[in-house]
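Trainee: Show me the folded form of this:
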Amino acid sequence: MNSSKPYVIGIDMGGTNTVFGIVDARGVVLASNSIKTRKHSRIEDYISELYEETMRLVRSIEAEGKIFGIGVGAPNANYFTGMIEDGVNLPWPTPVPFAQMLMDKFGIPVAITNDANAAAIGEMTYGVARGLKDFIMITLGTGVGSGIVVNGQLVYGHDGFAGELGHVIVKRNNGRLCGCGRTGCLETYCSATGVARTAREFLEITEEPSLLRNISVEDITSKDVYDAAMAGDSIAKKVFEYTGNILGEALADFTVFSSPEAFVLFGGLAKAGDLLLKPLRESMEKNMLSIWKGKVKVLQSELKEADAAVLGASALGWEAKPVNTATVVPPASAAPIAPQA
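Mentor: Reported below is the predicted structural model:
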């Protein structure tokens, strides 16, 4: 490693917030901040704000001229091409050549992958999945993302888009409309927005008293549902039981595909603890094929909020090269190794 460039930038673009940080070769996040992903209707304006705020961080730790590369985790980002394609939770028309646009703005090589894939890389390198060679990362945020690791390698598929488990259909009849254009996707039930949607539906079909009735129906968030459930609210607790049951069924089905040693849950909704995990585990075991009963763990990320994705994205930064869609190849490992300091 060029000792004059000991840092990389990791960027985690979520449907609501974009978190970015400066990371050293040991995986320490030296400084981080965030901006609102949906603030700008033009992607050029979003990139300009991201550049200004990131460079403010760079200057704050006197790292000008010391950034080796930039790694990005973003919805529907393609590692092979550097494109964000069909970003259903983003406010701009897609596809966009995001890696190339960032490289043009920063003047630094950029590598990009799906946001959930980045979280999986970060979790395997620095978190609870360290030492695991077969696991599935499930991110429960604005949407539901996933990163599938098999034999220590991230599964990309032939086109870079493998592992979109949030868009597996879990309700074939009368399922909820998803931002992807289909109906009944897991994301519409088990994301933070899905939890809020379930709460609204439950409030409409019953007259049972609830703390949630003190909030305007359209303003209810998953955090409101969590707070109400923790206060003993019956409807709110039923919302989490319903959500956990659906997610547990889905994890039992996903197990058949790659026989993971564990599922790692990451994101704000995963912090609901036993409200979600108890019904989830019960449902998963109930629906699990017998040969896997009692064998698959459900783990919560131990990394701070967004650190897994930022660190995972930053790991890509160490191998970032100028974007060339004709020559970009998949990484040899799910967890690129940063040069040793």
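Trainee: Do a quick rundown of the strands in the chain.
Mentor: With DSSP state E as the criterion, the chain has strands at 7-13, 17-24, 29-36, 67-74, 110-114, 135-140, 144-150, 153-154, 262-266, 297-300.
Trainee: Walk me through which strands the fifth one pairs with, and which way each runs.
Mentor: It refers to strand 110-114. When pairing is defined by DSSP bridges, strand 110-114 lines up against strand 67-74 (parallel).
Trainee: Also compute the angle for the partner strand relative to strand 135-140, please.
Mentor: 70 degrees (axes from the mean of the first three to the mean of the last three CA atoms, to 10 degrees).
Trainee: ok now strand 67-74, how far from the chain's centre?
Mentor: Remark: strand 67-74 is offset 16 Å from the chain centroid, using CA atoms, centre = their mean, to the nearest Å.
Trainee: Let me know the average pLDDT across it.
Mentor: Averaging pLDDT along strand 67-74 gives 94.
Trainee: Kindly report the same for stretch 147-164.
Mentor: Confidence for stretch 147-164, expressed as mean pLDDT, is 91.
Trainee: Show me what counts as buried in that stretch.
Mentor: Across stretch 147-164, burial judged by 16 or more other CB atoms under 10 Å covers 147-150, 153-156, 160-164. In this view, the C-beta of every residue, glycine as well, is placed from N, C-alpha and C.
Trainee: which of the residues you listed lies closest to residue 94?
Mentor: Nearest to residue 94 among these, counting by CB to CB, is residue 161 at 13.0 Å.
Trainee: quick one: the closest one and residue 76 touch, right?
Mentor: Yes: with contact defined as CB atoms under 8 Å, residue 161 and residue 76 form a contacting pair (7.2 Å).
Trainee: Overlap in contacts, the two.
Mentor: With contacts defined as CB atoms under 8 Å, 6 or more residues apart in numbering, the residues shared by residue 161 and residue 76 are 85, 114.
Trainee: what's in contact with stretch 234-246?
Mentor: With contacts defined as CB under 8 Å, 6+ apart, stretch 234-246 is touched by 170, 186, 189-190, 194-195, 198-199, 202-203, 206, 208, 210-212, 225-226, 228-229, 272, 275-280, 282-283.
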